[in-house]
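Enquirer: Based on what follows, work out the 3D shape:
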Amino acid sequence: MSIKTVAIVGCGIGRSHIVEGYLPHSDKFKVAAICDLNEERLAAVGDEFGIERRTTSFEELLADETIDIIDICTPPGVHLEQVVAALGAGKHVVCEKPLTGSLAGVDRIMEAEKAAKGVLMPIFQYRYGDGIQKAKRIIDAGIAGKPYTASVETFWLRKPEYYAVPWRGKWATELGGVLVTHALHLHDMLMHLMGPAARVFGRVATRVNDIEVEDCASASLLMENGAFVSLSCTLGSQEQISRLRLHFENVTFESTHEPYTPGKDPWKIIAANDDVRQKIDRVVGDWQPVAPRFTTQMGQFHAFLSGNGPLPVTTADARRALELVTAIYQSSDSGAEVPLPVGPDSPKYADWRARTK
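Expert: Numbers count the residues shown, from 1 in each chain. This next block holds a predicted model:
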């Protein structure tokens with residue numbers, strides 16, 4: 001098994017990638033370098049994990065042929081250019097969410113991928129954990145039956161001190177608000193379990209903080225499979241929870257309410273009757289624990305790079321999540337329902353800030 005060398009760019013959330021993603025797989029990955037413009041943070045993370053190579057130069061890492069993977073954990077406003085540059089340099093790339101700030105940007109990345117030696121894996125770590133993975137196995141086995149409805153709630157709390165970080169709360173640097181930076185994970189989880197949306201009606205507003213981007217949102221979705229879904233998001237909840245509740249013909253699923261690890265057990269898995277319960281027990285009876293968040297996603301990424309499995313999260317997955325964001329913004333501006341897919345004819349395709357006519 002070959003050990004892949006990693007350079008982490010951005011030592012904020014990048015530290016979590018080290019702790020949860022790379023250290024548990026020390027036989028698969030070696031964090032060989034870290035990069036950050038904040039030299040104090042660079043030194044602190046380097047000292048904490050014994051990483052000797054520290055730099056403030058992203059370009060230096062691109063030119064280093066000993067680096068296999070560039071892991072981008074920088075503020076969202078620079079993701080697009082850094083991903084394209086890293087792919088152009090022949091690297092495999094990991095990139096935090098949001099991948100970029102428009103569907104045009106995602107499509108530019110997808111074009112860059114076609115000519116690249118390496119692959120891009122966007123981060124959607126909330127897909128991993130025993131709860132969501134059991135639900136996924138039951139649904140994929142056909143036991144859940146016809147999907148009826150679902151609700152997804154992202155009820156978090158962000159106060160002015162959170163937005164004291166200069167790049168947060170601004171269109172140019174954070175790229176969006178609660179839909180892009182906070183609820184994107186849960187909305188990806190929904191589509192991971194229930195498939196893509198077909199039609200979207202949404203509203204967004206800035207009600208909690210003095211910022212440019214939205215901090216409250218709601219949406220009504222018609223899914224391709226016919227199910228109805230409601231989404232609710234706020235950054236003004238005095239009790240922080242993340243909750244998915246999905247109703248199928250034979251099973252109701254409800255996630256844990258813990259805000260930052262909703263994929264973990266315990267999930268409620270409520271069977272319609274004893275026969276369904278027995279089928280569920282047979283499907284998950286041999287269950288092997290699935291580590292939450294980055295631990296499993298990075299492990300599966302290495303398996304893919306070694307030819308032993310699929311890429312766990314793809315650019316198409318990231319595009320699907322950002323297409324939903326685009327549709328909600330467009331619907332909120334126009335007051336009309338938006339059909340999917342969203343393409344270049346959308347006023348929001350190239351810029352979420354563009355007004356819908």
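Enquirer: so where's this protein shaky on pLDDT?
Expert: Within the chain, the ranges that satisfy pLDDT under 70 run 1, 356-357.
Enquirer: got the contact list for residue 107?
Expert: Shown in contact with residue 107 (CB atoms under 8 Å, 6 or more residues apart in numbering): residue 319. C-beta here means a position set from N, CA and C on the backbone, and glycine is covered the same way.
Enquirer: That one and residue 164, how far apart?
Expert: For residue 107, the distance to residue 164 equals 34 Å [CB to CB, to the nearest Å].
Enquirer: Next: residue 54.
Expert: Counting by CB to CB - residue 54 and residue 164 are separated by 26 Å.
Enquirer: ranges for the helices of the stretch 151-300 of the chain?
Expert: Using DSSP state H, counting those that start in this stretch, the helices of the stretch 151-300 of the chain run over residues 171-174, 184-194, 274-284, 294-305.
Enquirer: repeat for the stretch 1-150 of the chain
Expert: 13-16, 39-49, 58-62, 79-88, 103-114, 130-140.
Enquirer: Just put those helices in a markdown table and tack on distance to residue 28.
Expert: Converted to a markdown table, the helices of the stretch 1-150 of the chain look like this (distance: least, CB to CB, whole Å):
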| stretch | distance to residue 28 |
| --- | --- |
| helix 13-16 | 17 |
| helix 39-49 | 16 |
| helix 58-62 | 20 |
| helix 79-88 | 20 |
| helix 103-114 | 23 |
| helix 130-140 | 20 |
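Enquirer: Mind listing what's buried along stretch 191-201?
Expert: Within stretch 191-201, the residues that count as buried by 16 or more other CB atoms under 10 Å are 191-194, 197, 200-201.
Enquirer: what's the closest of those residues to residue 151?
Expert: residue 194 (11.5 Å; CB to CB).
Enquirer: Next up, the contacts around that closest one.
Expert: 147, 150, 223, 225, 227, 229, 246.
Enquirer: TSV please, covering these and showing distance to residue 10 and neighbour count.
Expert: Listed next are those as TSV, based on distance: CB to CB, whole Å; neighbours: other CB atoms under 10 Å:
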residue	distance to residue 10	neighbour count
147	38	20
150	33	22
223	34	19
225	37	13
227	37	21
229	33	22
246	34	24
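Enquirer: so how far is residue 199 from residue 226?
Expert: 11 Å.
Enquirer: cool, and residue 102?
Expert: 21 Å.
Enquirer: for residue 81, same thing?
Expert: Distance of residue 81 to residue 199, given as CB to CB: 33 Å.
Enquirer: tell me the contacts of the residue sitting nearest the centre point of the chain?
Expert: For the chain, residue 124 is the residue whose C-alpha lies nearest the centre (CA atoms, centre = their mean; 3.2 Å). Residue 124 is in contact with 97, 185, 188, 192, 297, 313, 317-318, 321, counting by CB under 8 Å, 6+ apart.
Enquirer: Could you list everything the nearest residue to residue 60 once chain neighbours are set aside pairs with in the sheet?
Expert: Using CB to CB, 6 or more residues apart in numbering and skipping residues adjacent in sequence, the residue nearest residue 60 is residue 35, 7.9 Å away. Applying DSSP bridges to residue 35 gives these bridge partners: residue 9, residue 55.
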